[in-house]
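Trainee: For reference, the sequence and a predicted model appear below.
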Amino acid sequence: MSIITKALKQTACYWATSGTDRFGKPRFLAPVEIACRWESKTDEVLNPFGEKVSSSATVMLGADVVVGGMLAFGSLGSMKNQTDAVESGAVQIRVFTKIPNLKATQFLRIAYL
């Protein structure tokens, strides 16, 4: 077990995007639980377009996620409404980075919300 996986002692729910509806609102797949380390802190990060964006949380993850998806802290059982990401308190992923270890056998995945 690596130091990366040892740090992921919390749980988050992830809603992946599945496109948009006919009104342009994002649609999401069913939520899944992923291991994480959630840090609620304000930070400024660069998005994929090189623009500075404000982040309200930094989340280290055990799986890849997609920018535009939604993350909520807690397990599926603790969510008020599992079918609606916004009503469950989920926050949109603004930036996602993936950093390999020195041997490139494992990755540290970080989502900024």
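Mentor: Arrived safely.
Trainee: Identify the residues contacting stretch 43-56?
Mentor: Contact with stretch 43-56 is made by 40, 41, 42, 58, 67, 91, 94, 95, 112, 113, as judged by Cβ atoms under 8 Å, 6 or more residues apart in numbering. For glycine as for every other residue, the C-beta is placed from the backbone atoms N, C-alpha and C.
Trainee: Centroid-wise, who is the farthest residue in the chain?
Mentor: Largest separation from the mean C-alpha position in the chain: residue 22, at 25.4 Å (Cα atoms, centre = their mean).
Trainee: before we move on, back to that, could you dump the contacts of stretch 43-56 into JSON lines with secondary structure added?
Mentor: Listed next are the contacts of stretch 43-56 as JSON lines, based on DSSP: H, G, I helix; E, B strand; the rest coil:
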{"residue": "40", "secondary structure": "coil"}
{"residue": "41", "secondary structure": "coil"}
{"residue": "42", "secondary structure": "coil"}
{"residue": "58", "secondary structure": "strand"}
{"residue": "67", "secondary structure": "coil"}
{"residue": "91", "secondary structure": "strand"}
{"residue": "94", "secondary structure": "coil"}
{"residue": "95", "secondary structure": "strand"}
{"residue": "112", "secondary structure": "strand"}
{"residue": "113", "secondary structure": "coil"}
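Trainee: Give the ChimeraX command for selecting the buried subset of those residues.
Mentor: Buried residues among the contacts of stretch 43-56 (16 or more other Cβ atoms under 10 Å), as a ChimeraX selection:
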select :58,91,94,95,112,113
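Trainee: how about the helices in this protein?
Mentor: Secondary structure of the chain (DSSP state H): helices at 3-6.
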